[in-house]
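Trainee: How does the following fold in three dimensions:
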Amino acid sequence: MAKTLEIRGHAIIDIPTFYAEINRVFMADESWSLGDSLDALNDLLYGGYGAIDGHEPVKLIWRNMDVSRSTLGLATTRTFLAEKLKRPGMFNVTMIAGQLDALERGAGQTYFDIVLEIIGNHPNIELVAA
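Mentor: Numbers count the residues shown, from 1 in each chain. Got it, this is the predicted structure:
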């Protein structure tokens, strides 16, 4: 039987609150919390710490997913990428500029799209929009 976890989409208004919700759901029993990082989110979903024990089956219910799709959508992603462009020593600005250009042309992924892709790469996790 799958473990059931639930994300409250109405609690997500930006990227920091997305990670606050992820920490509430997945890291409640840990003495530390996950940082605002897509790589860290991906690592978390492999299990071994937090709410997921290895590759156990998980049913992840995302309430008010439409709200999260909007709040982690175009405007948030544009800001996220623009902030990375300000730190050329830390990020590949050519790649980031390409992502921003694709986003502006309607061909790029939003932050929300990337999160869904990351979740989808974990076959033990069944994502349910609610």
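Trainee: what's the pLDDT at the most centrally placed residue in the chain?
Mentor: Of all residues in the chain, the one closest to the mean position by Cα atoms, centre = their mean is residue 115, 3.7 Å from it. Looking at residue 115, its pLDDT is 98.
Trainee: What of residue 2?
Mentor: Value for residue 2, per-residue pLDDT: 89.
Trainee: Same check on the one 10 residues further on?
Mentor: The predicted local distance difference test score for residue 12 is 98.
Trainee: returning to what we had before: residues in contact with the residue nearest to the centre of the chain?
Mentor: Each residue near residue 115 by Cβ atoms under 8 Å, 6 or more residues apart in numbering is listed here: 18, 38, 41, 72. (Each C-beta comes from the backbone N, C-alpha and C, glycine too.)
Trainee: Point me to the helix or strand that includes it.
Mentor: Per DSSP states H and E: residue 115 is located in helix 111-120.
Trainee: Now that helix: buried residues?
Mentor: The neighbour-count check on helix 111-120 (16 or more other Cβ atoms under 10 Å) flags 111, 112, 114, 115, 116, 118, 119 as buried.
Trainee: Format those as CSV; extra columns: distance to residue 83.
Mentor: Shown next, in CSV, are the buried residues of helix 111-120 (distance: Cβ to Cβ, whole Å):
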residue, distance to residue 83
111, 12
112, 17
114, 15
115, 17
116, 22
118, 20
119, 23
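Trainee: Among those, which one lies nearest to residue 92?
Mentor: residue 114 (15.9 Å; Cβ to Cβ).
Trainee: hey, where'd the strands end up in the chain?
Mentor: All strands of the chain, identified by DSSP state E, fall at 3-8, 58-63, 125-129.
Trainee: any idea how far the closest residue to residue 28 other than its chain neighbours lies from residue 24?
Mentor: Take residue 28 and drop its neighbours on the chain: the residue closest to it by Cβ to Cβ, 6 or more residues apart in numbering is residue 51, 7.2 Å away. Distance of residue 51 to residue 24, given as Cβ to Cβ, to the nearest Å: 10 Å.
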